[in-house]
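Asks: Predicted coordinates and the sequence they were generated for:
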Amino acid sequence: MKAKGEKVSDKSKIILEKLARLHQIKDLHSLLDNILYESRVLTNADAGSIFLVENNRLKFSYIQNDTIFKNDILCNKYIYANHEIEVDEKSIAGYVAKTGEPLIIDDVYHIDKRAPYSFNAYFDEISTYRTKSMLVVPLKTMKGEVLGAMELINSLNKAGKPIPFSLDYQLVVVQFANYATLAIERAFILRDMVFKMIKLSEMRDPEETQEHVERVSTYAIEIYQKWAEMHNVDKAEVAYYKDILRIATMLHDIGKIGIPDTILKKKAGLNEREYETIKFHTIYGAQLFQNAKSDWESMASEIVMNHHEKWDGTGYPGKIPDINAEDISIEEGKKGAEIPLSARIVALADVYDALINQRVYKSPWEEDKVLYFMKEQSGKHFDPELVAVFFEIYGTINAIRNRWHKPVPNPDRE
């Protein structure tokens, strides 16, 4: 369905412009979220969601809804729900992922009884939203591998009323999604490289697990999102910063690969000498990224070097003139706004995750104790403004923690 005066060539130009922007995105999460958003724009869809294939199941991964989330369509805690469905023909998303074919439904509450799939009204019931029309397309790589399914919901007319999606819309979205897979595959390559680095770190440090970095990086982008909203940061800048922040945050402790195993795997508290040694992981990490070739590498250097600095200046490693000097000593800590915003955010996210989850040397703290500590450290360890943001979005923080929670054996000691 084309707007009055709109030519097919105009639509193609718009698609090419959108694809060019997508190819600038590095993080897979940000990329898929933006593909969903741009597909909604192309079809005037009020809402949408993405399911990704994980372990032969479809996992509910992204949701956008202009009616419910009016302030910011790219930020809400529902995207962290642990909802999964089978890749089979019983559900709408499962049917599309299974068959690899797009699907248009004019009214999900009046699906032909001969269809093998049915509509799950759970989200409508808990949100009071009314889903009517749907366009569902598979997300495929160039090799034909189905990564998941994208649902576009309620195409709106000029009066804001839901109408059926047209075949023209299906053609445009399928074409857009197919071209976007090049960006998806490149994002997968970068993500795979990052996770290989994390796996290497995990072999040395049992705390540096994929679940930990997923949680901390996701806390970080949600904290930044709210902070940026409070500071009226341009949405394009917010999207770009979140994109590189997530990847950079995942590597916040990569410098620990330079710390001896006797320290990293110790199941007891560190003595003074060992603690002084482990502080150098910040410098080792910064050395890995000192010849940064991209913005995300520059931010990674910024984070690994500074995420143990404290707002009151009592953190480490402090102001190091030359990270390549033969004799480096830990200096007086940076203070307040001397610490980059990215590192201040990661400091808060990392400490919260370390306290509330189990470690080889400690049991998890009770939630009330953790939250008291976070408040008590406002203006000391943490930027007080970011602490306020943390508590304002704590529902989302908790949802993130639950999504990437992986029980581990009890530690040998408290």
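Replies: Thanks, I have it.

Asks: per-residue confidence averaged over the helix or strand hosting residue 123?
Replies: Element membership for residue 123, per DSSP states H and E: helix 122-127. Averaged across helix 122-127, pLDDT comes to 82.

Asks: cool, and stretch 315-326?
Replies: For stretch 315-326, mean pLDDT rounds to 90.

Asks: can you give me the offset of that stretch from its chain's centre?
Replies: When C-alpha coordinates are averaged (CA atoms, centre = their mean, to the nearest Å), stretch 315-326 and its chain have centres 31 Å apart.

Asks: residues making contact with it?
Replies: Contacts with stretch 315-326, where a contact means CB atoms under 8 Å, 6 or more residues apart in numbering, come from 279-280, 282-283, 286-287, 290, 305, 308-309, 328, 330-334, 339, 347, 381. To be clear about C-beta, it is placed using only N, CA and C from the backbone, and glycine gets the same treatment.

Asks: Now, those residues that are in helices?
Replies: 282, 283, 286, 287, 305, 347 (DSSP state H).

Asks: export those residues to TSV and tack on pLDDT and neighbour count?
Replies: Shown next, in TSV, are the ones in helices among the contacts of stretch 315-326 (pLDDT from 0 to 100; neighbours: other CB atoms under 10 Å):
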residue	pLDDT	neighbour count
282	94	28
283	93	20
286	92	22
287	92	16
305	96	26
347	98	26
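
Asks: just for the stretch 201-350 of the chain, where's the confidence low?
Replies: Applying pLDDT under 70 to the stretch 201-350 of the chain flags the ranges 202-208.

Asks: quick one, helices of it?
Replies: In the stretch 201-350 of the chain, the helices defined using DSSP state H, counting those that start in this stretch lie at 210-230, 235-250, 261-264, 272-278, 281-288, 295-306, 341-356.

Asks: list the buried ones in the shortest one?
Replies: Buried residues in helix 261-264, defined by neighbour count with 16 or more other CB atoms under 10 Å: 263, 264.

Asks: hey, C-alpha coordinates of it in PDB?
Replies: This file holds the C-alpha atoms of helix 261-264, laid out as PDB (Å, rounded to 0.1, in the frame of the first residue of the first chain):
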ATOM      1  CA  ASP A 261      45.400 -18.500  38.000                       C
ATOM      2  CA  THR A 262      46.400 -18.800  41.600                       C
ATOM      3  CA  ILE A 263      44.600 -15.400  42.100                       C
ATOM      4  CA  LEU A 264      41.700 -15.700  39.700                       C
END
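
Asks: That one packs against which elements?
Replies: helix 272-278 (3 or more CB pairs under 8 Å, 6 or more residues apart in numbering; DSSP states H and E).

Asks: from the ones in helices among the contacts of stretch 315-326, which is closest to residue 83?
Replies: The shortest approach to residue 83 among these belongs to residue 347, at 31.6 Å (CB to CB).

Asks: Would you enumerate the residues in contact with the closest one?
Replies: Counting by CB under 8 Å, 6+ apart, residue 347 touches 306, 307, 308, 309, 310, 315, 339, 381, 382.

Asks: repeat for residue 146
Replies: Applying CB under 8 Å, 6+ apart, the residues near residue 146 are 53, 97, 100, 138, 139, 140.

Asks: would you list the residues you listed in a markdown table and tack on secondary structure?
Replies: As requested, those are exported to a markdown table (DSSP: H, G, I helix; E, B strand; the rest coil):
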| residue | secondary structure |
| --- | --- |
| 53 | strand |
| 97 | helix |
| 100 | coil |
| 138 | strand |
| 139 | strand |
| 140 | strand |
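
Asks: Ranking by neighbours, what's the top pick from those?
Replies: The most neighbours of any of the contacts of residue 146, using other CB atoms under 10 Å, belong to residue 97, which has 27 neighbours.

Asks: Can you tell me how far that one is from residue 138?
Replies: Applying CB to CB, to the nearest Å, the value for residue 97 to residue 138 is 6 Å.

Asks: what's the answer for residue 29, then?
Replies: With CB to CB as the criterion, residue 29 and residue 138 are 19 Å apart.

Asks: Secondary structure element holding residue 63?
Replies: Per DSSP H and E: strand 57-65 holds residue 63.

Asks: can you pull the buried residues of that strand?
Replies: Neighbour counts over strand 57-65 (16+ other CB under 10 Å) mark 58, 59, 60, 61, 62, 63, 64, 65 as buried.
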